[in-house]
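K.L.:
generate coordinates for the sequence data below:
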Amino acid sequence: MALTNPQMLQALGRVAVHAAIVEQQIHVAYWQYAGLTRGVGQIITGHMRPKIVFQDLFKIANETKAISGRIVDLEEISLTYGALAEQRNELLHWIWQSDAEDKEHTVYAPGYMRGKYGVSKPYTVEQVNAIADGLKALSKRLNAHTISEADLLAYQALFGAERHAKHVPAPWLDKSSPPSPKPRKTPQTQKKRSRQPRASRA
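P.N.:
Have a look, this model is predicted:
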């Protein structure tokens, strides 16, 4: 039976919407780190799959000496996106079938997929909505990578750290290293100073 469950269709729509936003931000992040205009960026990455864009993005971030916290965050985002993207592809590109009451739903790999034909996976509305929520959260994390460091700091000063972290999370801004402590005076250093010869008077 074909899929007609309205709750499942709505959940799938959410996955499609948030996945498209994430893919757009991956390309924009590449342009930001590479210092490209939108027009030039479209020429370079317009034909590239998000996975390939991420691979090159790491190389560019390292080559341009990006803040280490940014690179760590990009690595975490890449791992999270890899798992979500695989599920997104199953939800949107595989074939849906439902039981007679349209309550239980399963996706089947299309026949043209070599090595996956015959594979099937059940999905619930709750599971699909969880994937959509994961993509939505990922899009927030990617926001910070489409903005320069100067603008991030300016936005944080304008809106406050808490509000900024909620909408444009940039965890590396919260991990700034504390200033180095000043050296303490010890009896040894005091003795050294007291033993220094005084300048002779003319």
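
K.L.:
I figured residue 131 was touching residue 16, is that so?
P.N.:
No - using C-beta atoms under 8 Å, residue 131 makes no contact with residue 16, being 10.9 Å away. C-beta coordinates here come from the backbone N, C-alpha and C atoms, glycine included.

K.L.:
and the two? Which one has more around it.
P.N.:
Looking at residue 131 and residue 16 with other C-beta atoms under 10 Å, you find the greater number of neighbours at residue 131, namely 22 against 13.

K.L.:
how far away is the closest residue to residue 171 other than its chain neighbours from residue 144?
P.N.:
The shortest distance from residue 171 to any residue that is not its chain neighbour, by C-beta to C-beta, 6 or more residues apart in numbering, is 6.1 Å, and that residue is residue 73. For residue 73, the distance to residue 144 (C-beta to C-beta, to the nearest Å) stands at 8 Å.

K.L.:
same question, residue 90
P.N.:
With distances defined as C-beta to C-beta, the gap from residue 90 to residue 144 amounts to 29 Å.

K.L.:
so the two - more neighbours on which side?
P.N.:
The residue with more neighbours, out of residue 90 and residue 144, is residue 144; 24 against 18, by other C-beta under 10 Å.

K.L.:
in contact with that one: list those residues for me.
P.N.:
Residues near residue 144 by C-beta atoms under 8 Å, 6 or more residues apart in numbering: 73, 152, 168-170.

K.L.:
residue 48 looks like it's in a strand, true?
P.N.:
No - counting by DSSP: H, G, I helix; E, B strand; the rest coil, residue 48 is not found in a strand; it is coil.

K.L.:
okay, now it: neighbour count?
P.N.:
Residue 48, neighbours per other C-beta under 10 Å, totals 15.
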